[in-house]
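**Q** Quick one, what's the 3D model for this:
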Amino acid sequence: MRTTRSLPPAVRKALPWLLGWGAFQAVLAVTGRLVARRKDEGDEGTAGIRRVVVVGGVQLKPTNPELSRVRLDLVMGGAGLDLTALPRVPGGIDVTVRALMGGVGVEVPAGWRVWWTLRGVGGVGLSEGGRTTRTDDQPGADLRIHADVLFGGVGIDSPG
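**A** Model (predicted):
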């Protein structure tokens with residue numbers, strides 16, 4: 001006789017795996033928050049920003065016209081970086097992305113020249129609107145992206 005409390009055999013077999021996966025995600029998220037508390041630097045008004053994101057996301061909209069560097073370390077997470085409020089910064093802005101199964105969306109003002117280098121399995125995509133251009137002149141670029149990714153990527157867009 002089967003009671004209403006008993007689970008089907010397929011569910012009983014899958015349940016330990018699902019609970020284990022959930023526990024792994026929880027441990028990863030808590031560990032990420034602890035690392036982020038130690039490693040995060042600056043805020044949207046400083047000249048340098050660093051964020052560590054594990055299983056989650058972050059949105060940054062820097063306002064300091066002297067911004068020189070942004071570093072994003074992502075593990076199964078994402079980030080949005082909106083640079084549209086900034087004028088052209090003398091010397092450009094360096095953005096370093098280290099992503100494991102994560103990605104970054106970067107919005108830049110129209111007319112900015114973007115240079116990037118990518119190592120790993122992933123990609124960098126530039127919007128097809130033609131508002132920003134890719135340049136081979138690293139020192140003269142308005143935005144320089146240094147990306148190390150594994151199953152992730154960086155998207156560059158110019159709104160408007």
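**Q** What ranges does the chain have for its helices?
**A** Secondary structure of the chain (DSSP state H): helices located at 9-39.
**Q** Okay, now the unreliable bits of it?
**A** Judged by pLDDT under 70, the chain has its weakly predicted residues at 1-4, 130, 160.
**Q** what about the strands in it?
**A** 48-54, 57-60, 69-75, 78-82, 93-100, 103-107, 113-126, 133-134, 143-157 (DSSP state E).
**Q** Same list (those strands) but as CSV, adding mean neighbour count and distance to Glu41.
**A** All C-beta atoms are positioned from the backbone trio N, CA, C, and that covers glycine. Putting the strands of the chain into CSV (neighbours: other Cβ atoms under 10 Å; distance: least, Cβ to Cβ, whole Å) gives the following:
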stretch, mean neighbour count, distance to Glu41
strand 48-54, 20, 4
strand 57-60, 14, 12
strand 69-75, 22, 8
strand 78-82, 20, 15
strand 93-100, 21, 12
strand 103-107, 22, 17
strand 113-126, 16, 23
strand 133-134, 12, 29
strand 143-157, 20, 17
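**Q** Columns distance to Ala14 on top of the ones you listed, output as CSV?
**A** Shown next, in CSV, are those (distance: least, Cβ to Cβ, whole Å):
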stretch, distance to Ala14
strand 48-54, 26
strand 57-60, 28
strand 69-75, 26
strand 78-82, 28
strand 93-100, 27
strand 103-107, 30
strand 113-126, 30
strand 133-134, 47
strand 143-157, 25
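**Q** Which one of the ones you listed lies nearest to Leu34?
**A** Distance to Leu34, taken as Cβ to Cβ, is lowest for strand 48-54 among the strands of the chain, at 9.4 Å.
**Q** Just list what the closest one packs against, helices and strands only.
**A** Packing contacts for strand 48-54, counted by 3 or more Cβ pairs under 8 Å, 6 or more residues apart in numbering; DSSP states H and E, involve helix 9-39, strand 57-60, strand 69-75, strand 78-82.
**Q** Would you mind putting the CA coordinates of it into CSV?
**A** C-alpha atoms of strand 48-54 as CSV (Å, rounded to 0.1, in the frame of the first residue of the first chain):
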residue,chain,number,x,y,z
GLY,A,48,40.0,52.8,-8.7
ILE,A,49,37.3,50.2,-8.2
ARG,A,50,37.6,46.5,-7.6
ARG,A,51,34.7,44.1,-7.1
VAL,A,52,34.6,40.3,-6.4
VAL,A,53,31.3,38.7,-7.4
VAL,A,54,30.5,35.1,-6.7
